[in-house]
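Engineer: sequence and predicted structure are below.
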Amino acid sequence: MSNFVTKRREPFRFMVWLGIASSVMIFTMLLVAYVIRRTGSGWADIKLPGVFLVSTLVILLSSFTLHNAIQAFRHERFNNYRTNLGTTLVLGTLFMLLQAWGWRQMIRSGITLEHNPAGGFIYIISGIHLLHILVGLIFLGIMLVEALRRRPYVDSFVYSVNPPNRLKIRLITLYWHFVDILWIGLFIFLLVHHGLDLHLSF
C-alpha cells in the first residue's frame, strides 16, 4: 500500500527534476549570452562585492545543516531535526540579505543595469538565483511549521513514517542542495571573470 501511495506521488518527483532541468537551461543561456556580450562594445569588467564570498560560505553551511536535519529525521532525533531545519532557514534568509547587501555596494559604486552590461548581467544572474532561493525558503518554512506542529514524539514518528511526507522532504532537500550547488557554480564563473572586491562597505 505504501509503495502504491508513493508511486501516485511520482509526478511531484518528475516536476522537481523538470524544474531543475529548466533552471539549468535558463542559466546556461544566460552564461552563453554573457560570454558573447563580453566581447562586444561598452563592456567594462567590475569586481564582485566581497560580501558575495561571505554569502557563498553561508549557503554552503546551509546545505550542511540541512544534511544534518535529514540525518536526524531518519534516525528519529526530531528535536535535532527541528533545530537544524530552523538553522537552515535562517542561513538561507541570511544569504538573501547578504546578496542584497552586495547589490547595495554595487549601486553605491555607480554600477547600474544601464551603464555597464557587466553589472547588468551580475544583477540578473544573482537576481534569478535569489528567486530560486526564495522558493526553497518557502518550502523549508512549510517543513519547519509542520515539524513544530508535531512536537510530541509519537506525532513526529507518525509523520516521519508516512511515505508521502518522506518523499516531500526528499524532494525539498534535493531542490535546496541544487540551488546551493548552482550558486557555487555561478559564483565561480563570475569570480573567474571579475575577481573580488574585498572592501566591505556599509
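Structural biologist: On my side now, so go ahead.
Engineer: how far away is residue 186 from residue 110?
Structural biologist: 23 Å (C-beta to C-beta, to the nearest Å). Bear in mind the C-beta positions are built from the backbone N, C-alpha and C, glycine included.
Engineer: sorry, wrong one. I was asking about residue 145.
Structural biologist: 42 Å.
Engineer: returning to that earlier point: out of residue 186 and residue 110, which sits in the more crowded spot?
Structural biologist: Neighbours were counted for residue 186 and for residue 110 using other C-beta atoms under 10 Å; residue 186 has more, 20 against 10.
Engineer: the helix or strand that the more buried one is a member of: which residues count as buried?
Structural biologist: Applying DSSP states H and E as the criterion places residue 186 in helix 163-194. Judged by neighbour count using 16 or more other C-beta atoms under 10 Å, the buried positions of helix 163-194 are 163, 166-169, 171-173, 175-176, 178-180, 182-183, 186-187, 190, 193-194.
Engineer: for residue 38, see how far away residue 116 is.
Structural biologist: Distance from residue 116 to residue 38, by C-beta to C-beta: 12 Å.
Engineer: of those two, who's got more company?
Structural biologist: Comparing residue 116 with residue 38 by neighbour count (other C-beta under 10 Å), the higher total belongs to residue 116, at 18 against 13.
Engineer: how about that one: what's its closest non-neighbour residue?
Structural biologist: Leaving aside its sequence neighbours, residue 116 sits nearest to residue 44 (C-beta to C-beta, 6 or more residues apart in numbering; 5.4 Å).
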